[in-house]
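**Q** Need coordinates for the following:
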Amino acid sequence: MSEIIFEVHEDEVDGGFTASALGYGIHTQGGTLEELRAMVKDAVRCYFDESMEAPKIIRLHFVRDEVLA
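**A** Numbers count the residues shown, from 1 in each chain. As a prediction, the model looks like this:
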């Protein structure tokens, strides 16, 4: 596997960010973008153990909802 993609949402009510890997059961969160990046890397390391090849690239896809009234 060469790449894994995380969909990232910002929590506008409580602050912080959540990330979910597309196609994998990997979910994590962080209070800041720096913290989220570290948590995503750690979650990928934990999910892909020695028996599975870890992706070489981790892509964060930021999803933003915009409401127009």
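**Q** Tell me the pLDDT of the residue lying closest to P55 once chain neighbours are set aside.
**A** Of all residues not flanking P55 in the chain, I4 sits nearest, at 4.2 Å (Cβ to Cβ, 6 or more residues apart in numbering). The way it works is simple: take the backbone N, C-alpha and C, and place the C-beta from them, glycine included. At I4, the model reports a pLDDT of 97.
**Q** what does the one 4 residues further on give?
**A** pLDDT recorded at V8 is 97.
**Q** May I have the secondary structure class of it?
**A** Classification of V8 using DSSP: H, G, I helix; E, B strand; the rest coil returns strand.
**Q** In contact with the residue nearest to P55, which residues?
**A** For I4, the set of contacting residues under the criterion of Cβ atoms under 8 Å, 6 or more residues apart in numbering consists of A21, L22, Y24, I26, V44, P55, I57, I58, R59.
**Q** Now with 6 Å, please.
**A** Counting by Cβ atoms under 6 Å, 6 or more residues apart in numbering, I4 touches A21, P55, I58.
**Q** For the residues you listed, which entry has the maximal number of neighbours?
**A** Neighbour counts for those were taken using other Cβ atoms under 10 Å; the highest belongs to A21, which has 19 neighbours.
**Q** didn't that residue look like it was pressed against F6?
**A** Yes - contact status for A21 versus F6: in contact at 5.3 Å, counting by Cβ atoms under 6 Å.
**Q** Just say helix, strand or coil for D49.
**A** Per three-state DSSP, D49 ends up coil.
**Q** what about T18, how many residues close to it?
**A** Other residues lying near T18 total 16 when counted by other Cβ under 10 Å.
**Q** At which residues are the strands of the protein located?
**A** Listed in chain order, the strands of the chain (DSSP state E) span residues 3-10, 17-21, 27-30, 57-63.
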